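K.L.:
sequence first, then the predicted structure, then my questions.
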Amino acid sequence: MKKRVSKLTLYLLTIIMVTSIIPVGMTTATAYSIPNESEFINKINELQTRYPANSKYSGYYYENGVQEAASCHGYAFEIAYNVFGSTMYTRGGGWNEIYSLGNVYAGDVIQFYIGSDTHTIFVTKVEGDLIYFTDANWDWNNGIRWNECFSKSYIESKFCKKWHISGNYLTGNGSMPVSNAWISIKETTIISGEYQTFNFGADNSSGTYTLGIDYEGTRIFTEDLKRNSYSTLFTTPGNFSAYITAYGEGGHVDSNKVYFKVVKRAPATNAWIKADETCIVKTQSITFTYGADDSAGLYTIGIDKDNTRIYTDTISNNTYTYTFNESGQYSVYVTCYGYGGSNDTEKLYITVNEPVSATNAWIKADKTKIVKGQSVTFTYGADNSAGLYTIGIDKDNERIYTETIRNNTFTYTFNEMGEYSIYVTCYGYAGYDDTDKIFVTVNDTYQTGDVNGDGVISIADATTLQKYLANIVDFDDEQLAVADTNGDGSVSIADATQIQRYLAQLIPSLG
């Protein structure tokens, strides 16, 4: 809990105190040191004499360039300075400001909320879930306390921040906590029937460890050990993980997990290979993907040109990218190694062409006369195409849509009436070619008699209507509406006859 004083009071206090007190926050770069457990306890005992319980704290310190009156904050910083030789505001002082409580060590400075205010304490001892501390101004009258105690859960529920000095793992109860537990393995992949060797250790360990091994996420082995290495036989293929718990006077700590797999001694089988492209032009690259059952993760890639070996490489990746700088016919295969033999993929054949321009570009549409809201599917292509196309759609001679795609079909929905023209630019590896324009008419509604929905009335509509009457095709509601060409409210052979009479110009209109 902090109390601030006026600038005038600070000025007078500074004049009075400057000859006898060097404020903690005024220290320059100072080497700090971490005492051992016994040294720390001796320092705490000595500080209890210098700052006796129930006395009043009257020190002053600087925080971010502002001198503050005696407070819980200043007291905790001053105790920290006496223990480690530096405070939070000493350049190179080793302190880290942390915003999660995490592990708590003797020597940490912790700030937590009391009501709407904050209170700062210096930790003197940690025993299990109990945090012992010294503080000042807890009574708003600068009173000093020692050997006060809160549970870790209580402080965590009101936690604000803490300061921890690098390298400090003190408990304050005479023992150093176990820390930096580690484990390593001899191999990350072993063959069924082989031994795996684990090595492990930790700082301040008593030499007692528990080794835990999981198989596919389930615990299968736990053993207490009085040594820092262990070997055991593995016969079941699968994925394993292991870690150790290290014990010492200050408690125990777990290491990170190590992961390894056990594979059966078997040859690779069912080898396969794929390529992202099989027809390219020279200077392009192709990425190959390959694998096999019971693969050991080792592969030899072989590339032949016109039946002559030009390239071989052995790698541990299951993808490989190769640049083809000459035109010609190539074949590619991969030898996939298992732990008991190898297997070759089938050959994959690659054509590498000289770069040429696309020619003879063309375009087609599934219909050219529609009503608004309908879609038209366009198909297009060109000789020597590189498989890249730009679609251009104009309405009433103004561009309304452009898109570049790698598909040779494209579907577009026309939501407005009007006259449209569409063309496609087809790209080759050394140039491009445009298709002719194709024209689409979009009307407001369907025409009576246009039962196949192609935008025109023709003999095909009469034929489609006859198929419907013969139960060969089905009509939707729109088709039924436009099929009533004589307007009698029903669809019959008379409507098909009416279409034929209209096409023969025997009647001026339908409906």
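P.N.:
Received, thanks.
K.L.:
pLDDT score for residue 177?
P.N.:
pLDDT, residue 177: 75.
K.L.:
and it, how many neighbours?
P.N.:
20 (other CB atoms under 10 Å). The C-beta positions use only the backbone N, C-alpha and C, and glycine is treated the same way.
K.L.:
quick one, what contacts it?
P.N.:
105, 169, 171, 204, 248, 250, 251, 253 (CB atoms under 8 Å, 6 or more residues apart in numbering).
K.L.:
name the nearest of those residues relative to residue 188.
P.N.:
Proximity of the contacts of residue 177 to residue 188 (CB to CB) peaks at residue 253, which lies at 24.0 Å.
K.L.:
same question for the host helix or strand of the closest one, mean pLDDT?
P.N.:
For residue 253, the host element (DSSP states H and E) is strand 251-254. Averaging pLDDT along strand 251-254 yields 86.
K.L.:
identify the residues contacting that strand?
P.N.:
The contact list for strand 251-254, computed with CB under 8 Å, 6+ apart, reads 177, 178, 179, 180, 181, 202, 243, 244, 245, 246.
K.L.:
now, the most widely separated pair of the residues you listed?
P.N.:
Maximum distance among these (CB to CB): 18.0 Å, for 177 and 243.
K.L.:
only alpha carbons, please: show the strand holding residue 253 as PDB.
P.N.:
Coordinates of each C-alpha in strand 251-254 appear next as PDB, following Å, rounded to 0.1, in the frame of the first residue of the first chain:
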ATOM      1  CA  GLY A 251      10.400 -31.600  -3.700                       C
ATOM      2  CA  HIS A 252      10.100 -33.100  -7.200                       C
ATOM      3  CA  VAL A 253       9.800 -32.000 -10.800                       C
ATOM      4  CA  ASP A 254       8.900 -33.600 -14.100                       C
END
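K.L.:
what residues are up against residue 509?
P.N.:
With CB under 8 Å, 6+ apart, residue 509 has these contacts: residue 502.
K.L.:
where does it land in three-state SS?
P.N.:
When states are read from DSSP: H, G, I helix; E, B strand; the rest coil, the local structure at residue 509 comes out as coil.
K.L.:
ditto for residue 81
P.N.:
helix.
K.L.:
per-residue pLDDT, it?
P.N.:
90.
K.L.:
isn't it up against residue 87?
P.N.:
Yes - using CB atoms under 8 Å, residue 81 makes contact with residue 87 at a distance of 4.7 Å.
K.L.:
more neighbours, those two?
P.N.:
A count of neighbours by other CB under 10 Å puts residue 87 above the other of residue 81 and residue 87, at 28 against 21.
K.L.:
distance of that one relative to residue 37?
P.N.:
Residue 87 is 22 Å from residue 37, where distance means CB to CB, to the nearest Å.
K.L.:
do residue 293 as well
P.N.:
As judged by CB to CB, residue 293 and residue 37 stand 58 Å apart.
K.L.:
now swap in residue 185 and tell me
P.N.:
Distance from residue 185 to residue 37, by CB to CB: 33 Å.
K.L.:
excluding its backbone neighbours, what's nearest residue 194?
P.N.:
residue 234 (6.7 Å; CB to CB, 6 or more residues apart in numbering).
K.L.:
state the next helix or strand along the chain beyond the lowest-mean-pLDDT helix or strand in the chain.
P.N.:
Every helix and strand of the chain was ranked by mean pLDDT, DSSP states H and E. The lowest is helix 7-17, at a mean of 38. Going down the chain from helix 7-17, the next helix or strand is helix 37-50, by DSSP H and E.
K.L.:
what about residue 433, how many residues nearby?
P.N.:
Neighbour number of residue 433 under other CB under 10 Å is 19.
K.L.:
which SS class is it?
P.N.:
strand.
K.L.:
and it, what does it touch?
P.N.:
By CB under 8 Å, 6+ apart, residue 433 lies in contact with 357, 358, 359, 360, 361, 382, 425, 426.
K.L.:
got the contact list for the nearest residue to it once chain neighbours are set aside?
P.N.:
Counting by CB to CB, 6+ apart, residue 433 lies nearest to residue 361, which is 4.1 Å off, once chain neighbours are set aside. When contacts are counted by CB under 8 Å, 6+ apart, residue 361 touches 380, 381, 382, 424, 425, 426, 433, 434, 435.
K.L.:
ok, so of those, who is nearest residue 95?
P.N.:
residue 425 (65.5 Å).
K.L.:
for the helix or strand harbouring the closest one, give the mean pLDDT please.
P.N.:
For residue 425, the host element (DSSP H and E) is strand 418-427. For strand 418-427, mean pLDDT is 95.
K.L.:
got the CA coordinates for stretch 230-249 in CSV?
P.N.:
Output in CSV follows, covering the C-alpha atoms of stretch 230-249 (Å, rounded to 0.1, in the frame of the first residue of the first chain):
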residue,chain,number,x,y,z
TYR,A,230,17.9,-47.1,-18.0
SER,A,231,17.7,-49.5,-20.9
THR,A,232,14.7,-51.8,-21.8
LEU,A,233,13.6,-54.0,-24.7
PHE,A,234,10.8,-52.9,-27.0
THR,A,235,9.0,-55.5,-29.2
THR,A,236,5.6,-53.9,-30.0
PRO,A,237,5.6,-51.5,-33.0
GLY,A,238,3.9,-48.1,-32.4
ASN,A,239,4.5,-44.7,-30.9
PHE,A,240,5.9,-44.2,-27.4
SER,A,241,6.7,-41.4,-25.1
ALA,A,242,8.6,-41.2,-21.8
TYR,A,243,9.5,-38.7,-19.1
ILE,A,244,11.0,-38.8,-15.6
THR,A,245,10.1,-37.4,-12.2
ALA,A,246,13.2,-36.2,-10.4
TYR,A,247,13.2,-36.1,-6.5
GLY,A,248,15.2,-34.0,-4.1
GLU,A,249,15.1,-32.4,-0.7
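K.L.:
quick check: buried residues in stretch 453-470?
P.N.:
453, 454, 455, 457, 461, 462, 464, 465, 466, 467, 468, 469 (16 or more other CB atoms under 10 Å).
K.L.:
quick one: low-confidence ranges for the protein?
P.N.:
Residue ranges of the chain with pLDDT under 70: 1-30, 60-69, 91, 249-250, 511.
K.L.:
hang on, the earlier thing: the residue nearest to residue 433 should be in a helix, yeah?
P.N.:
No - read with three-state DSSP, residue 361 is strand and lies in no helix.
K.L.:
ok, so what distance separates it from residue 434?
P.N.:
Going from residue 361 to residue 434 by CB to CB gives 6 Å.
K.L.:
one more: residue 168?
P.N.:
Separation of residue 168 from residue 434 (CB to CB) stands at 75 Å.
K.L.:
higher neighbour count, these two?
P.N.:
residue 168 (18 against 15).
K.L.:
list the residues that contact that one.
P.N.:
Per CB under 8 Å, 6+ apart, neighbours of residue 168: 34, 84, 105, 107, 108.
K.L.:
mind listing what's buried along stretch 269-286?
P.N.:
271, 273, 275, 280, 281, 284, 286.
K.L.:
thought the second one was touching residue 286?
P.N.:
No - Residue 273 lies out of contact with residue 286 (CB under 8 Å); the separation is 11.3 Å.
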